[in-house]
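Colleague: sharing a model that was predicted from the sequence below.
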Amino acid sequence: MVVVLGDQLDLDAAAFDGFDARVDAVWMAEVAEESTHVWSSKPRIAMFLAAMRHFAIALQAAGRPLHYARPDAPAGNGGSLGAQLQADILRLRPSRLVMTAPGDWRVLQSIKAVAEANGLPLDIREDRHFFTSARDFAAHAKGRKSLRMEYFYREQRQRHDVLMQGDQPVGGQWNFDAENREAFGAAGPGAVPPRMTFEPDAITREVIALVNTRYAEHPGRLDGFSWPVTRPQALQSLRAFVQERLPLFGRYQDAMWPGDPWLYHAHVSAALNLKLLNPREVVAAAEAAHRDGHAPLASVEGFIRQVLGWREYVRGIYWTQMPEYRERNALDARQDLPAWYWTGATDMACLRDALAQTLTHGYANHIQRLMVTGLYALMLGAQPQQVHAWYLAVYVDAVEWVELPNTLGMSQYADGGVMGSKPYIATGKYIQRMSPYCKGCRYDPAQRSGDSACPFTTLYWDFLMRHEAALARNPRMALQVKNVARLTDAQRQAVNERAAAIRRGEVGVAQHA
Ligand SMILES: Cc1cc2nc3c(=O)[nH]c(=O)nc-3n(C[C@H](O)[C@H](O)[C@H](O)COP(=O)(O)OP(=O)(O)OC[C@H]3O[C@@H](n4cnc5c(N)ncnc54)[C@H](O)[C@@H]3O)c2cc1C
Ligand code: SF4
């Protein structure tokens with residue numbers, strides 16, 4: 001019996017090697033626990049269930065017998081992967097289980113436990129979706145003091161011969177990051193080619209109705225649900241990106257614009273993580289666009305660095321660091337994540353927009369995740385496991401192996417420097433530089449204390465003050481620590497008071513909420 005999880009929707013996965021329809025069968029299950037172990041948003045639940053139900057049809061069309069546990073099955077539903085698998089093992093009596101290695105540590109443990117309890121052999125196969133196996137990453141990591149993405153990425157380029165000319169990088173440079181940091185300027189982004197949307201078909205509409213009924217209290221909404229949920233749709237989406245938006249992807253990678261999270265981004269993360277798309281075809285399509293003269297090198301390199309570099313690197317971090325990684329809290333952050341993260345009811349213009357888009361679409365672009373929602377939580381001192389639960393719940397692309405290192409490591413610095421050499425902190429002026437949000441906001445990014453002070457700016461100084469001694473030991477933070485040392489006692493006191501008011505929930509909450 002081949003076990004297929006909701007993020008393993010690939011007909012060519014290793015678990016199907018040698019599949020013989022006369023004696024083998026596929027097992028899939030929709031279980032409530034996967035939607036409730038974190039308070040999953042409606043778009044995220046709908047994304048997984050719609051893609052799973054469409055994949056079930058693809059399996060049947062490929063002639064592979066399927067046992068698919070639905071939540072409304074007359075025989076009942078086990079409620080968790082472990083319980084459902086246990087019930088189906090007793091009913092179907094398989095002689096062994098086969099699966100592609102799961103992306104989630106928790107799920108791996110639960111399936112192993114069921115197999116063991118039933119004395120069933122469990123054949124776990126390498127997930128060849130990825131360029132780099134967990135074992136290869138562990139070999140790369142062995143003996144290194146720190147694991148920086150840049151070195152890993154260069155190795156990936158060489159090993160997989162991507163954007164290479166012999167043993168040299170195409171264009172003579174590994175990295176064009178410096179060219180990829182533009183904002184849109186006063187005129188705005190202009191006519192950005194719209195993202196590809198897909199009208200829900202009958203299967204997706206049934207899923208939407210189910211989610212709206214069963215998970216009515218969960219955050220987010222489904223009236224605009226239009227994600228690709230099949231492989232042909234995902235391929236269409238990828239082609240449209242490469243054709244229409246990739247040429248400007250790099251230049252505006254870090255830019256933000258009110259009301260538009262899509263901009264020049266690819267919107268392929270959910271399709272990739274559910275395995276509707278293969279990263280090799282994504283990288284190859286981008287590389288071909290450069291070769292054909294369709295997209296400039298800086299854009300193509302910037303995009304490939306995300307997929308071949310960051311995506312593979314965070315997976316390596318996850319599997320070399322789990323399970324302890326999930327519990328890390330290097331900065332001893334203990335504040336509760338504000339309740340308005342789940343509703344969007346804040347009067348901070350940048351956060352209100354990022355949260356509204358997140359709840360409506362299950363999407364925010366990378367810079368909103370890192371430098372708006374993530375930055376605020378970090379400087380507030382939000383407990384990292386609460387921040388992790390939020391990110392894992394709200395995005396359609398959220399799967400723990402990719403979400404956790406991005407949240408705990410890159411964004412919250414809770415791993416104490418495994419992923420990044422310093423915490424990413426900034427005042428509201430960063431957001432002012434990269435977007436026009438501050439113009440329409442009741443706060444002022446230039447003020448660090450007083451009634452109009454931007455909470456980001458207050459919390460930036462408060463963060464430096466709270467962690468001054470530890471940060472002073474980090475050479476990359478020297479300049480920022482020097483600036484905080486210049487504050488007078490009265491200035492420190494004013495920042496303290498304002499930060500305390502923010503933490504008490506007296507600042508930042510929408511008055512009309
Ligand atoms: C706090 C935080 C949480 C995140 N959680 C997730 C998550 O749950 N799932 C997820 O797929 N990504 C996550 N990311 C990474 C990134 O924000 C998303 O991959 C990206 O925004 C998806 O949108 P896109 O497809 O339009 O990406 P683009 O900006 O167009 O980038 C192209 C592709 O590169 C890959 N990529 C880009 N950045 C990263 C990264 N840092 N790590 C891994 N892959 C990357 C993605 O597959 C993405 O589709 C997170 C980032 C942060 C800061
Ligand atoms: S002033 Fe501060 S809170 Fe308001 S939009 Fe700018 S950065 Fe965000």
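Modeller: Good, I have the coordinates. Ligands and ions are numbered 1, 2, ... in the order given.
Colleague: need phi/psi at Met99.
Modeller: phi -160, psi 160 (degrees, to the nearest 10).
Colleague: lowest-pLDDT helix or strand in this protein?
Modeller: Across the helices and strands of the chain, mean pLDDT, DSSP states H and E gives its lowest value to helix 33-36, namely a mean of 85.
Colleague: right, and the helix or strand after that helix?
Modeller: Toward the C-terminus, helix 33-36 is succeeded by helix 42-61 as the next helix or strand (DSSP states H and E).
Colleague: which strands or helices does that next one pack on?
Modeller: Secondary-structure packing of helix 42-61 (3 or more CB pairs under 8 Å, 6 or more residues apart in numbering; DSSP states H and E): strand 26-29, helix 33-36, strand 66-69, helix 202-214. Any C-beta I mention is one placed from the backbone N, CA and C, and that applies to glycine too.
Colleague: thinking again about what came up before, any buried residues in the least confident helix or strand of the chain, and which?
Modeller: 34-35 (16 or more other CB atoms under 10 Å).
Colleague: now do the strands in the stretch 1-150 of the chain.
Modeller: Remark: strands assigned in the stretch 1-150 of the chain by DSSP state E, counting those that start in this stretch are 2-3, 26-29, 66-69, 97-100, 122-125.
Colleague: closest to ligand 1 out of those strands?
Modeller: Evaluated over the strands of the stretch 1-150 of the chain, closeness to ligand 1 peaks at strand 97-100, with 18.1 Å, by CB to the nearest ligand atom.
Colleague: which residues sit against that closest one?
Modeller: 1-5, 8, 10, 13-15, 111, 115, 120-127, 129 (CB atoms under 8 Å, 6 or more residues apart in numbering).
Colleague: roughly how far does Gly119 sit from Arg96?
Modeller: Counting by CB to CB, to the nearest Å, the separation of Gly119 from Arg96 is 10 Å.
Colleague: try Asp292
Modeller: The spacing between Asp292 and Arg96, counted by CB to CB, is 47 Å.
Colleague: find the centremost residue of this structure, please.
Modeller: Nearest to the geometric centre of the chain sits Glu403, at 4.4 Å (CA atoms, centre = their mean).
Colleague: now it: which helix or strand?
Modeller: helix 400-404.
Colleague: report how many residues lie close to Leu246.
Modeller: Number of residues near Leu246 (other CB atoms under 10 Å) recorded here: 24.
Colleague: if we can go back for a sec, deepest of the helices and strands packed on helix 42-61, which one?
Modeller: strand 26-29 (a mean of 23; mean count of other CB atoms under 10 Å).
Colleague: which outside residues touch that one?
Modeller: So strand 26-29 is in contact with 1-6, 52, 55-56, 59, 64-69, 77-78, 81, 84-85, 88, 92, going by CB under 8 Å, 6+ apart.
Colleague: repeat that for 7 Å
Modeller: 1-4, 52, 56, 59, 64-69, 81, 84, 88 (CB atoms under 7 Å, 6 or more residues apart in numbering).
Colleague: now which of those residues would you call buried?
Modeller: 1-4, 52, 56, 59, 64, 66, 68-69, 81, 84, 88.
Colleague: thinking again about what came up before, give me the more crowded residue out of Asp292 and Arg96.
Modeller: Arg96 (11 against 8).
Colleague: which residues of the stretch 251-400 of the chain fall in helices?
Modeller: Remark: helices assigned in the stretch 251-400 of the chain by DSSP state H, counting those that start in this stretch are 269-273, 279-291, 297-304, 311-321, 349-361, 366-368, 375-380, 384-394, 400-404.
Colleague: could you dump those helices to TSV with mean pLDDT and distance to Asp201?
Modeller: Putting the helices of the stretch 251-400 of the chain into TSV (pLDDT from 0 to 100; distance: least, CB to CB, whole Å) gives the following:
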stretch	mean pLDDT	distance to Asp201
helix 269-273	98	16
helix 279-291	98	24
helix 297-304	96	30
helix 311-321	96	29
helix 349-361	97	19
helix 366-368	96	30
helix 375-380	98	37
helix 384-394	98	25
helix 400-404	98	28
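Colleague: to Lys422, which of those lies closest?
Modeller: Closest approach to Lys422 among these (CB to CB): helix 375-380, 11.6 Å.
Colleague: so how far is the closest one from its chain's centroid?
Modeller: The chain centre lies 17 Å from the centre of helix 375-380; the measure is CA atoms, centre = their mean, to the nearest Å.
Colleague: now what about that helix, what contacts it?
Modeller: Against helix 375-380 from outside (CB under 7 Å, 6+ apart): 335, 337, 351, 387, 411-413, 423-426, 456, 459-460, 463, 503.
Colleague: in helices, which of the residues you listed fall?
Modeller: 351, 387, 456, 459-460, 463, 503 (DSSP state H).
Colleague: return the closest of those residues with respect to ligand 2.
Modeller: For the ones in helices among the contacts of helix 375-380, the nearest to ligand 2 is Phe456 (4.7 Å; CB to the nearest ligand atom).
Colleague: wait, what's in contact with the closest one?
Modeller: 375-376, 379, 427-428, 431, 445.
Colleague: residue of the stretch 101-250 of the chain nearest ligand 2, please.
Modeller: Ala183 (13.4 Å).
Colleague: then the stretch 1-150 of the chain?
Modeller: For the stretch 1-150 of the chain, CB to the nearest ligand atom, closest residue to ligand 2: Ser41, 22.7 Å.
Colleague: mind checking the SS state of Ser226?
Modeller: coil (DSSP: H, G, I helix; E, B strand; the rest coil).
Colleague: er, Val495 I mean
Modeller: Applying three-state DSSP: Val495 is helix.
Colleague: Leu464 is in contact with that one, correct?
Modeller: No - applying CB atoms under 7 Å as the test, Val495 and Leu464 come out as separate, 9.3 Å apart.
Colleague: show me where the stretch 151-300 of the chain has its strands.
Modeller: 164-165, 168-169.
Colleague: can you redo the ones you listed as TSV with distance to ligand 1?
Modeller: Below are these laid out as TSV (distance: least, CB to the nearest ligand atom, whole Å):
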stretch	distance to ligand 1
strand 164-165	20
strand 168-169	19
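Colleague: which of these is buried the deepest?
Modeller: Across the strands of the stretch 151-300 of the chain, averaging neighbours per residue (mean count of other CB under 10 Å) puts strand 168-169 on top, at a mean of 14.
Colleague: what separates it from the chain centre, distance-wise?
Modeller: In terms of CA atoms, centre = their mean, the centre of strand 168-169 is set 30 Å apart from its chain centre.
Colleague: hmm, who's touching it?
Modeller: Residues contacting strand 168-169 (CB under 7 Å, 6+ apart): 157, 163.
Colleague: what lines up beside it in the sheet?
Modeller: strand 164-165 (antiparallel) (DSSP bridges).
Colleague: mind listing what the closest residue to ligand 1 within the stretch 101-250 of the chain touches?
Modeller: In the stretch 101-250 of the chain, the residue that lies nearest ligand 1 is Phe249 (6.6 Å; CB to the nearest ligand atom). With contact taken as CB under 7 Å, 6+ apart, Phe249 is in contact with 264, 299, 302-303.
Colleague: check Pro279 too.
Modeller: Pro279 makes contacts with 130-131, 272, 307, 311, as judged by CB under 7 Å, 6+ apart.
Colleague: how many neighbouring residues does Gly220 have?
Modeller: 24.
Colleague: which ones are touching it?
Modeller: Here Gly220 is in contact with 41-43, 359, 362, 394 (CB under 7 Å, 6+ apart).
Colleague: if we use 6 Å, what do you get?
Modeller: 41-43, 359 (CB atoms under 6 Å, 6 or more residues apart in numbering).
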